[in-house]
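[1] For reference, the sequence and a predicted model appear below.
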Amino acid sequence: MRQNFLSVLFALDAVLLVLLAVGFLFVEPGSTAYAISQVSLAIILLTLVAIGVAIRRGVQFYEP
């Protein structure tokens with residue numbers, strides 16, 4: 001169940017990354033929305049890498 005849960009989180013994070021990439025096409029560089037998109041990109045990439053590492057290492061955690 002743990003592996004399945006992490007895989008779902010990884011897939012959701014990938015979907016958010018794709019939606020953000022599509023959103024970048026419609027945002028003007030230098031605007032406030034562009035800056036927020038860049039911060040969101042950094043957060044999504046960090047969580048994507050962290051979940052990938054957790055899946056790879058088989059990290060144990062509490063799951064309700």
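    Ah, there it is.
[2] lowest-confidence helix or strand of this protein?
    Here the helix or strand of the chain ranked lowest by mean pLDDT, DSSP states H and E is helix 2-24, holding a mean of 86.
[3] buried set for that helix?
    Within helix 2-24, the residues that count as buried by 16 or more other CB atoms under 10 Å are 6, 9-10, 13, 16-17, 20. For glycine as for every other residue, the C-beta is placed from the backbone atoms N, C-alpha and C.
[4] Can you give the distance from that helix to the centre of its chain?
    Mean C-alpha position of helix 2-24 versus that of the full chain (CA atoms, centre = their mean, to the nearest Å) differs by 5 Å.
[5] Over to stretch 27-43?
    So, by CA atoms, centre = their mean, the centroid of stretch 27-43 is 15 Å from its chain's centroid.
[6] How about residues contacting it?
    17, 20, 23-24 (CB atoms under 8 Å, 6 or more residues apart in numbering).
[7] where's Val59, which helix or strand?
    Using DSSP states H and E, Val59 sits within no helix or strand.
[8] And for it, the neighbour number?
    12 (other CB atoms under 10 Å).
[9] which residues does it contact?
    Val53.
[10] ok, it to Leu25 distance?
    35 Å (CB to CB, to the nearest Å).
[11] so what's the closest residue to Ser7 other than its chain neighbours scoring on pLDDT?
    Nearest in space to Ser7, with sequence neighbours left out and distances taken as CB to CB, 6 or more residues apart in numbering, is Ile55 at 6.9 Å. Note for Ile55: predicted pLDDT of 82.
[12] what does Tyr62 give?
    We have a pLDDT of 61 for Tyr62.
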